[in-house]
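Engineer: Got a predicted structure plus its sequence, pasted below:
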Protein chains: 2
Amino acid sequence: IGNWGNGFREFVIKAVQMGKSDPRKVVFSAKMGLALTLLSFLIFLKKPFEDLGRYSVWAILTVVVVFEFSIGATLSKGFNRGLGTLSAGGLALGMAMLSTLAGDWEELVIIISIFIIGFIATYLKLYPTMKPYEYGFRVFLLTYCFIMVSGYRTREFVNTAATRFILIALGAAVALLINTCIYPIWAGEDLHSLVVKNFMNVAVSLEGVVGGYLSCVEYARVPSKILTFQASDDPLYSGYRSAVDSASQEETLVGFAIWEPPHGPYKMLTYPWKSYTKVSGALRHCAFMVMAMHGCILSEIQAPAERRQVFRSELQKLGNEGAKVLRELGNKIKRMEKLGPEEDLLYEVDEAVEALQTRIDKKSYLLVNSEFWEIGSPQQHNPGQTQQDLLTADDHESSIPEVKSVSDLEALHSLATLNGENNHGNHRKQASLPAPLLSFGDNKEPNLDHESKTFESASALSLATFASLLVEFVARLQNLVEAFKELSEKANFKEPVHYQPPEILVAAT
Amino acid sequence: IGNWGNGFREFVIKAVQMGKSDPRKVVFSAKMGLALTLLSFLIFLKKPFEDLGRYSVWAILTVVVVFEFSIGATLSKGFNRGLGTLSAGGLALGMAMLSTLAGDWEELVIIISIFIIGFIATYLKLYPTMKPYEYGFRVFLLTYCFIMVSGYRTREFVNTAATRFILIALGAAVALLINTCIYPIWAGEDLHSLVVKNFMNVAVSLEGVVGGYLSCVEYARVPSKILTFQASDDPLYSGYRSAVDSASQEETLVGFAIWEPPHGPYKMLTYPWKSYTKVSGALRHCAFMVMAMHGCILSEIQAPAERRQVFRSELQKLGNEGAKVLRELGNKIKRMEKLGPEEDLLYEVDEAVEALQTRIDKKSYLLVNSEFWEIGSPQQHNPGQTQQDLLTADDHESSIPEVKSVSDLEALHSLATLNGENNHGNHRKQASLPAPLLSFGDNKEPNLDHESKTFESASALSLATFASLLVEFVARLQNLVEAFKELSEKANFKEPVHYQPPEILVAAT
């Protein structure tokens, strides 16, 4: 019993926490209670409205069924219910008249009609494009059966249909009024902030992945949740996963948002909600690259730490600039602000790409393993150069950033140690511990060693892959910016506040 | 009117096509009609069961609401409905007794109790772990209001609750019997074949991507659906997309499948449906690599065609072997067959990886652009060698495959031409037409040329990236095989048919 008590107390605490973190849920529940209470007054109605009182339960049922969290969902369900009831009512009245004409065969006509209508409504419901109206078909079928069956007993077909419809309309009206007038919760707003949140999440993931790669973060054992793409609280992973995984949620929200009337900052008759999903899709397209870059960290094929350091400042810069672009776009959507005509969000990230390219052009021999070249390795041509010389070949050029980054390097060392590994030695451990291979339990694989050796020689290429995925990520930003521009045009975002019209600039020069 | 008629005819044709492609939908609709028909006989009941007849509409409503496509969904909804009705009934009866004790304040007690119950039920429904029971909460609230309101008017609280419950139980029983006994549709089976289908789809995509990359397929204009990760019928894309995108569908199917009793080949009390999603997740983890490889084709950064040809046979072989592993795993799941203890699915794919690695070790200077190396390019050391020499440096070694592949090459040429481009010239077009950059409409970008040049120098690395992603894909296969082994153990798959026990092999040697 004490156990039950504890469980219950915990549950209550969690429920209260949910209310604190999202007060809208409390408000919504109170609104639901209020709507039900208002309608339950119907039962006290005296003559001449006794009929309404007797069937008042239909209004209450409608509220329970139609009252949804967001306005859009309530409207769409209300519409479905209304349309389903009306059309079924009409059809049922028609059929009822036909069946009375059938005389002795009345029962048969009723039963056959129920079978046929049940078949057709259910079949059409399964039609893919009919998915949003699934609920409408259900209500249609329900109402049809209800009117036919109860009408047959009471002989009050028209009355049943009319009363039912009036009460459903009343219930829907009360639900709608209360839901819209008191602290409305808009699906469109949820969609808006979901998209903004995804931008921020991908930015965090990108920074984390680039930082983690440069500090040689390694997974001693890749969580099996990542290996099976399930939710996990790994910070590098959860960021891009949320963006990749929110597609169906966005689909649902858009489905509701298009039902919502103009409101708040979304003052257009047909607000371009679909463009939000396009932007989000373009963001997803970028997030897939972050995911692939994270794959370089997860992989048992790892580039040597020293070589990563050679491209350190360029990769770091590019990652930071990429994240900055994402954040700026996210903030622009949040503030509903256009890009200024002179504003080039991608200028700095392009600079950073160019810097990385230049570095790669000069140093790309570090991205491959020259040991077995059939044309002879560069070391053979310059016998005086050692591996270390190759790594530091142009230190004179970049002495200042190199010095500057000593403290960074120390920080990275300690970060890597915190992560359980210090990987700055010359020999990486992947040959002895290929983490993902072990992740599914039994480590008695006979061919483990053989495989590791196979993969080992690809390690030099891993850095090239990471760099090239990062460059591809940046290339995809262009597409994202275009999608944003399309959205900002269609949704009529406001001009940026700090934007100076070009005329003034011309005058000043 | 003719237009409407045409639209209607088209609709009917499509509906008939749907029935032909999935006859289960027709059967399901007929079953629904049958259940409704059976229950509508209730209205003809005479004394002493007149009461059942009067409220027969509840049984029919239950069928409409509970009758779902799969057995699992029907069971889970039926359970929700039963539990919601029972608990609400009990609570309502208790409250009704309390309210009669309250005397003059009865109405107030009823109304306040409706508010409180409405608030609590709605609030708990929003609790994340309560999601599967959402429908139960709705029924709970509905029943509570119904009994309180109609009980107040008729003073027959117990009778209302009991009749309602009997009829709901009757409706649920009929729905369940008909749905299970006549041509049952199992969610578990759907899940099973969905997973198998995903394996095949990823295999097709993988082959397509590797083949496409080697034949230098290019998108003149990347479809914006791909750029925003929406459904598109691009064959390379739709394969892996279906695997990546089916997560929420699998989630739903598992949620239903766990409700289903043992049946057909799934003869276990608690069949490990969750392991299916794990396998599917591991497959998704592989599919992400195929997606990244497809990214190499979509990218405006493209490796020169001649260099791709150098690694042609190894890449092709690896792609084919990878797809073979996927197909074999898919077929094993389809046949519900274990891996034999001597069966090493990954043997050939590992061989192929090794071959590619060896090739890369020898030729990796082709994966980088040596023009600007600060340690001097290999060409400077071997001034006699031209670019062409570099490309064909070891032709004597591989003369036979080279000859063999001439016809392939011709086929590829024509394939590439079919795809609208012949890209085997030395100068690629990406500088003049970076397709994705143009995809969002206006091609008046001022900095287009500048950007293309920036990206161009990364082109040599693109091949390294592709190869390395393919190797990473293969590395992830290990994880997939482990997930499959786990599933095959837990689900007690049968031993493979053609498996020879090792003793015999030992005796034979």
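Structural biologist: Ah, there it is. Numbering: from 1, shown residues only, chains lettered A, B, ... in the order given.

Engineer: does the strand or helix carrying residue A:9 come close to chain B?
Structural biologist: In this assignment (DSSP states H and E), residue A:9 forms part of helix A:2-21. Yes. Shown here: helix A:2-21 in contact with chain B (Cβ under 8 Å from any Cβ of the partner chain) through A:14, A:15, A:18, A:19. To be clear about C-beta, it is placed using only N, CA and C from the backbone, and glycine gets the same treatment.

Engineer: would CSV of these with neighbour count be doable?
Structural biologist: Output for the residues of helix A:2-21 next to chain B, formatted as CSV (neighbours: other Cβ atoms under 10 Å in any protein chain shown):
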residue, neighbour count
A:14, 13
A:15, 16
A:18, 17
A:19, 16
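
Engineer: Dump those residues to JSON lines, plus pLDDT and distance to residue B:491.
Structural biologist: Below are the residues of helix A:2-21 next to chain B laid out as JSON lines (pLDDT from 0 to 100; distance: Cβ to Cβ, whole Å):
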{"residue": "A:14", "pLDDT": "87", "distance to residue B:491": "34"}
{"residue": "A:15", "pLDDT": "86", "distance to residue B:491": "37"}
{"residue": "A:18", "pLDDT": "87", "distance to residue B:491": "37"}
{"residue": "A:19", "pLDDT": "88", "distance to residue B:491": "42"}
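
Engineer: which other helices and strands contact the helix holding residue A:9?
Structural biologist: helix A:23-40, helix B:106-125 (3 or more Cβ pairs under 8 Å, 6 or more residues apart in numbering or on different chains; DSSP states H and E).

Engineer: Mean neighbour count added to those helices, as JSON lines?
Structural biologist: Shown next, in JSON lines, are the helices and strands packed on helix A:2-21 (neighbours: other Cβ under 10 Å):
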{"stretch": "helix A:23-40", "mean neighbour count": "21"}
{"stretch": "helix B:106-125", "mean neighbour count": "19"}
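
Engineer: So for residue A:130, which of those sits nearest?
Structural biologist: Checking the helices and strands packed on helix A:2-21 against residue A:130 by Cβ to Cβ gives helix B:106-125 as the closest, at 26.4 Å.

Engineer: Restricting the selection to alpha carbons, write the following helix or strand past that closest one to PDB.
Structural biologist: Following helix B:106-125 in sequence order, the next helix or strand is helix B:134-154 (DSSP H and E). Taking Å, rounded to 0.1, in the frame of the first residue of the first chain, the C-alpha atoms of helix B:134-154 are listed here in PDB:
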ATOM      1  CA  GLU B 134      -6.500   9.000 -24.900                       C
ATOM      2  CA  TYR B 135      -9.600   7.300 -26.300                       C
ATOM      3  CA  GLY B 136     -10.300   5.700 -22.900                       C
ATOM      4  CA  PHE B 137     -10.300   9.100 -21.200                       C
ATOM      5  CA  ARG B 138     -12.700  10.400 -23.800                       C
ATOM      6  CA  VAL B 139     -15.100   7.500 -23.200                       C
ATOM      7  CA  PHE B 140     -14.800   7.900 -19.500                       C
ATOM      8  CA  LEU B 141     -15.800  11.600 -19.600                       C
ATOM      9  CA  LEU B 142     -18.600  10.900 -22.100                       C
ATOM     10  CA  THR B 143     -20.100   8.100 -20.000                       C
ATOM     11  CA  TYR B 144     -19.800  10.000 -16.800                       C
ATOM     12  CA  CYS B 145     -21.700  13.000 -18.200                       C
ATOM     13  CA  PHE B 146     -24.200  10.800 -19.900                       C
ATOM     14  CA  ILE B 147     -25.100   8.900 -16.700                       C
ATOM     15  CA  MET B 148     -25.200  12.000 -14.500                       C
ATOM     16  CA  VAL B 149     -27.400  13.900 -16.900                       C
ATOM     17  CA  SER B 150     -29.800  11.200 -18.100                       C
ATOM     18  CA  GLY B 151     -29.900   9.700 -14.700                       C
ATOM     19  CA  TYR B 152     -31.000  13.000 -13.200                       C
ATOM     20  CA  ARG B 153     -33.900  13.200 -15.500                       C
ATOM     21  CA  THR B 154     -35.000   9.500 -15.400                       C
END
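
Engineer: low pLDDT regions in the stretch 51-200 of chain A?
Structural biologist: A:51 (pLDDT under 70).

Engineer: Can you tell me which residues in it are near chain B?
Structural biologist: A:53-54, A:56-57, A:60-61, A:64-65, A:67, A:69, A:107, A:110-111, A:114-116, A:118-120, A:122-124, A:126-127, A:138, A:141-142, A:145-146, A:148-150, A:152-153.

Engineer: Pipe the helices and strands packed on helix A:2-21 into JSON lines and attach distance to residue A:88 per row.
Structural biologist: Formatted as JSON lines, the helices and strands packed on helix A:2-21 follow (distance: least, Cβ to Cβ, whole Å):
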{"stretch": "helix A:23-40", "distance to residue A:88": "22"}
{"stretch": "helix B:106-125", "distance to residue A:88": "27"}
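
Engineer: And those: which comes nearest residue A:3?
Structural biologist: With Cβ to Cβ as the measure, helix B:106-125 is the member of the helices and strands packed on helix A:2-21 nearest residue A:3 (20.7 Å).

Engineer: can you tell me which residues contact residue A:328?
Structural biologist: residue A:345 (Cβ atoms under 8 Å, 6 or more residues apart in numbering or on different chains).

Engineer: give the contact list for the residue nearest to residue A:312 when sequence neighbours are not counted.
Structural biologist: Leaving out its chain neighbours, the residue that sits closest to residue A:312 by Cβ to Cβ, 6 or more residues apart in numbering or on different chains is residue A:214, at 5.5 Å. Counting by Cβ under 8 Å, 6+ apart, residue A:214 makes contact with A:308, A:309, A:312, A:315, A:316, A:412.

Engineer: Could you dump those residues into a markdown table and include secondary structure, neighbour count and pLDDT?
Structural biologist: Formatted as a markdown table, the contacts of residue A:214 follow (DSSP: H, G, I helix; E, B strand; the rest coil; neighbours: other Cβ atoms under 10 Å in any protein chain shown; pLDDT from 0 to 100):
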| residue | secondary structure | neighbour count | pLDDT |
| --- | --- | --- | --- |
| A:308 | helix | 22 | 83 |
| A:309 | helix | 19 | 84 |
| A:312 | helix | 20 | 87 |
| A:315 | helix | 24 | 90 |
| A:316 | helix | 18 | 92 |
| A:412 | helix | 20 | 37 |
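
Engineer: how about low-confidence regions in the stretch 251-400 of chain A?
Structural biologist: Applying pLDDT under 70 to the stretch 251-400 of chain A picks out residues A:364, A:366, A:368-400.

Engineer: Would you tell me which of the helices and strands packed on helix A:2-21 gets closest to residue A:228?
Structural biologist: Across those, closest to residue A:228 is helix B:106-125 (Cβ to Cβ), at 29.4 Å.

Engineer: Which residues does that closest one contact?
Structural biologist: Contacts of helix B:106-125 (Cβ under 8 Å, 6+ apart): A:15, A:19, A:25-26, A:28-30, A:32-37, A:40-41, A:44, A:67, B:91, B:95, B:98-100, B:102, B:130, B:133-134, B:137-138, B:140-141, B:144-145, B:148, B:152.

Engineer: Let me know the angle separating it from helix A:23-40.
Structural biologist: Put simply, helix B:106-125 runs at 150 degrees to helix A:23-40, going by axes from the mean of the first three to the mean of the last three Cα atoms, to 10 degrees.

Engineer: For residue A:487, find the nearest of the helices and strands packed on helix A:2-21.
Structural biologist: Set against residue A:487 and scored by Cβ to Cβ, the helices and strands packed on helix A:2-21 come closest in helix A:23-40, at 25.4 Å.
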